[in-house]
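> Task: produce atomic coordinates for the following.
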Amino acid sequence: MRKFRRKSGAVVTQLSGYEVELLTSLVNQLVEMISDGQPETFQRPESSDPFELWAQELAVDPDQPETHDDPVLRRLFPDAYPHDAQASSDFRRFTEREMKTKKIADAQVVLSSLAATAGGTIALRVPAEEVQPWLRTLTSVRIAVATRLGITDAESAEELAQLPDDDPRSFMVSVYDWLGFAQETMISAL
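Sure, this is the predicted structure:
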């Protein structure tokens, strides 16, 4: 991957076919995890009537949403009130569905851009209005990778960076670093 650079109101870079495939896979896994295998249930509703939307949400969302067992989901959707289970449950009940819908919509923007590269044969072009969804998705993917690797701070990231190449985690550490490079250069190109 080359650095992102600004060009004609967009940020652009060239990805290899392998990089397009890897990022597409990671973003698809993120969508799968967030949607619990049912991304279509998190599509934005067609209606603009607020009462109809409210009724739809109440019909779908449980009164007492469960906390997540998966540590990645706990990092992506943290407990708002760690010392008050009822307040945390209420917060999840009223916000989590919208947060999931937003993350999935952002991921769809990224997937569309990646598909437009024709497997890396065409430069990746991210229009200015799509930069924020890109950055949010890269952040979510990077959080997922960090959580799976056990990265909790700069010190644990440094320890993992010293892994020998034959350690199975070393590849994912390089992916974590690559995602950070993508975020940093995208922000610098703005």
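> pretty sure Arg92 contacts Phe77?
Yes. Assessed by C-beta atoms under 8 Å, Arg92 is found in contact with Phe77 at 7.3 Å. Any C-beta I mention is one placed from the backbone N, CA and C, and that applies to glycine too.
> more neighbours, those two?
Taking neighbours as other C-beta atoms under 10 Å, Arg92 and Phe77 compare with Arg92 leading, 22 against 19.
> To which secondary structure element is that one assigned?
Using DSSP states H and E, Arg92 maps to helix 85-115.
> Which elements pack onto that helix?
Helix 85-115 sits against helix 17-35, strand 124-127, helix 131-149, with contacts defined as 3 or more C-beta pairs under 8 Å, 6 or more residues apart in numbering; DSSP states H and E.
> so which of these gets nearest Val72?
Nearest to Val72 among those is helix 131-149 (4.7 Å), distances taken as C-beta to C-beta.
> Could I get the buried residue list for that closest one?
Within helix 131-149, the residues scored as buried using 16 or more other C-beta atoms under 10 Å are 131, 133-138, 140-147, 149.
> Now do the helix or strand just after it against helix 131-149, angle only.
Following helix 131-149 in sequence order, the next helix or strand is helix 154-161 (DSSP H and E). Orientation check (axes from the mean of the first three to the mean of the last three C-alpha atoms, to 10 degrees): helix 154-161 against helix 131-149 gives 70 degrees.
> picking up where we left off before, tell me how far the helix holding Arg92 is from the chain's mean position?
The chain centroid and the centroid of helix 85-115 are separated by 9 Å, computed with C-alpha atoms, centre = their mean, to the nearest Å.
> Over to stretch 68-80?
Mean C-alpha position of stretch 68-80 versus that of the full chain (C-alpha atoms, centre = their mean) differs by 13 Å.
> now the angle from the helix holding Arg92 to helix 17-35?
On the basis of the same axes, to 10 degrees, helix 85-115 is oriented at 150 degrees to helix 17-35.
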